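Visitor: Need a 3D model of the sequence below.
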Amino acid sequence: MEAGKQGTQKAAAFDRKVLEEAHERAGKAYQEAKKQADIVYEAAKKLAVDKAAKQEVDKAHKEAIKQAEKVRDAIINEGMVLFTATWKQSEKDAGEAIVKSKERADLAKKAYQEAKQQADIVHKEAKKQAGDKSARQEADKAHKETMQQAEKDHKDATGKSR
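Guide: Numbering: from 1, shown residues only. Alright, predicted model coming up:
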C-alpha cells in the first residue's frame, strides 16, 4: 500500500508541475499573441484614414486580444483537467485504502475474538479433566500462553497494542 501511496504522490507532484508549466506556457502564449496584435493594431491604426476604418481597427484589435485570452484559458484548462483527474484518482485510492484497512482490522479483531473464545473453551475443558493441582496449573499456563499469542497475532495484524 505504501508503494501505491508514493506512486500517487509522484503522480500528483508531476501533475502539479504540468499545471504550473501550463500556466507559464499560457502566459507566454498570451503575451506573444497580444504583442503581435498590438503591432498589427499600431500599423493598421496609422493606415486608417477615416473614423469608420479606425473603429474597424479597434474592433479587430479587441477581437485579437479576446482570442489570445481564449488560447491562454484553453491551455490552463487542459492543465486543470489533468490535475483534477489525478486529484480525484488519489481521493478514490485513499478511500479504497481506508476501506481495505478497516476490513483487515475487522478480520483481525474477529480472528482474535475467535482465538480467545476457543482458548477459553479448551482451558475450561482442560481444567475439568485435570486431576491434580499440577495439571490445572499446566492448563492455566497453556491458556495464558495461548492468550498471549492471540494478542500478539492481533497486534501484528492491526499494528496496535491492546
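
Visitor: From here on, just use CA atoms for contacts and neighbour counts.
Guide: Fine.

Visitor: list the helices and strands the strand or helix carrying A139 packs on?
Guide: If you go by DSSP states H and E, A139 is part of helix 133-158. Where contact means 3 or more CA pairs under 8 Å, 6 or more residues apart in numbering; DSSP states H and E, helix 133-158 is packed against helix 51-129.

Visitor: quick revisit: next, the angle helix 51-129 makes with the helix holding A139.
Guide: Interaxial angle, helix 133-158 versus helix 51-129 (axes from the mean of the first three to the mean of the last three CA atoms, to 10 degrees): 170 degrees.

Visitor: What's the mean pLDDT across helix 133-158?
Guide: Throughout helix 133-158, pLDDT has a mean value of 82.

Visitor: next one: stretch 117-125
Guide: The model assigns stretch 117-125 a mean pLDDT of 82.

Visitor: Would you mark the buried spots in it?
Guide: A119, D120, H123, K124 (16 or more other CA atoms under 10 Å).

Visitor: do the same with stretch 134-143
Guide: R136, A139, D140, A142, H143.

Visitor: now those in a markdown table, with distance to E42?
Guide: As requested, the buried residues of stretch 134-143 are arranged in a markdown table below (distance: CA to CA, whole Å):
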| residue | distance to E42 |
| --- | --- |
| R136 | 105 |
| A139 | 101 |
| D140 | 99 |
| A142 | 96 |
| H143 | 95 |
